[in-house]
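# give me a model of this one.
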Amino acid sequence: MTAASSADRSCATRGSAPRRATALAATAVLLLAAVTPAQAAPKPTVSQLKKELAALQKDSDKLIADYYNSRLAHQKAERAEKAAREKLATAQEVFDRHSTDLRAMAVSRYIAGQPGPLDVLANEQDFTLVLSRMALTQHVIDEQNAKLRGYAGVRDARKSAEQEAAARTEELESTLGDLEKGKKKAETQIERIKDRIDLLYTAPGLRRPDGTWVPQLPQGSDNITPRMALVKKLVSERFDVPYGIGCYRAIQDGGEHPLGRACDFMLSRGGAFPSADEQRRGDQIAEWVIKNARRLGIMYVIYRQRIWHVRTGAWRTMSDRGGNTANHYDHPHVSVY
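Down below sits the predicted model:
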């Protein structure tokens, strides 16, 4: 190997080193950018979310108000059309009756062989008779024409009302579709915000590594734990339970009621089987509690002779206990850790 070739290789080595260093630095920057998390958006406060919810509800109320105004306009058009049809039917009845009378008179004159006006001009008396008969005939014709004009007016009014009703109906159907879309959109946004509000609440107390929670002592006038109190508050705010919420019971039945860790969200009174709407409310309460179970410290839910436990994550049927209340058909039961 010559000294020149050795020097060339040394220069090449020195020239490539900076390039490798630059490439390595660029790679490091890219990797750092990849692993550095983006700055998270600030967590909205409860007041901000509730303010946004109120604005959406206001928009939804306006959509519903517009919808009902359109319904009123449509009902008004229907009444106008009905009135026009009734007027038309009355005019048609009068016209038919007079037309029948006129035809009967013409047939009677023909059968009787009564002479026409030009056949009885023998004297002045006959001429007077002809004039009087002509006057009578003209009177009948005028009356008929008047009735026809009246009928035409009613018919035209009816047609106008019918067209107006059709236009109103078409407008309503078009507007109704837009309103329904807007209403559903508002409802979806409201539900999304409610879910975000839910996420701001976390069950108080300590959670064990296995996902269960350290027990709490009951407190307050209702003798329930802070964890149960939070679930009770959230359910009552979201669903409105008109038949009451029963929690603490002193009877030692082996459940969580005497420990302040259970509440019953009633769907009827006196053990009566709940209505279809109330059953749906019970379904919604149970679904919401299960959805938020791990965050709120839910242990199990009982509803409609079934039990759902957070450890299994599935419903299973329970044995028949002999009544709507005992079988939890009239209320979802929620127990927390």
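# surely residue 256 meets residue 334?
No: between residue 256 and residue 334 there is no contact under Cβ atoms under 8 Å: 9.2 Å. The way it works is simple: take the backbone N, C-alpha and C, and place the C-beta from them, glycine included.
# the more surrounded of these two?
The residue with more neighbours, out of residue 256 and residue 334, is residue 334; 29 against 23, by other Cβ atoms under 10 Å.
# ranges for the strands of the chain?
245-246, 262-265, 298-302, 306-309, 314-317, 333-336 (DSSP state E).
# got the ones you listed as JSON lines, with distance to residue 220 and mean pLDDT columns?
Listed next are the strands of the chain as JSON lines, based on distance: least, Cβ to Cβ, whole Å; pLDDT from 0 to 100:
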{"stretch": "strand 245-246", "distance to residue 220": "14", "mean pLDDT": "98"}
{"stretch": "strand 262-265", "distance to residue 220": "13", "mean pLDDT": "98"}
{"stretch": "strand 298-302", "distance to residue 220": "20", "mean pLDDT": "98"}
{"stretch": "strand 306-309", "distance to residue 220": "27", "mean pLDDT": "98"}
{"stretch": "strand 314-317", "distance to residue 220": "32", "mean pLDDT": "98"}
{"stretch": "strand 333-336", "distance to residue 220": "15", "mean pLDDT": "98"}
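# mind putting those strands into a markdown table with distance to residue 173?
Below are the strands of the chain laid out as a markdown table (distance: least, Cβ to Cβ, whole Å):
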| stretch | distance to residue 173 |
| --- | --- |
| strand 245-246 | 43 |
| strand 262-265 | 40 |
| strand 298-302 | 43 |
| strand 306-309 | 43 |
| strand 314-317 | 42 |
| strand 333-336 | 44 |
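# so which of those strands comes closest to residue 282?
strand 262-265 (7.4 Å; Cβ to Cβ).
# in terms of secondary structure, what does the closest one contact?
helix 226-239, strand 245-246, strand 333-336 (3 or more Cβ pairs under 8 Å, 6 or more residues apart in numbering; DSSP states H and E).
# may I have the strands that pair with the second one, each with its orientation?
Pairing partners of strand 245-246, with direction, according to DSSP bridges: strand 262-265 (antiparallel).
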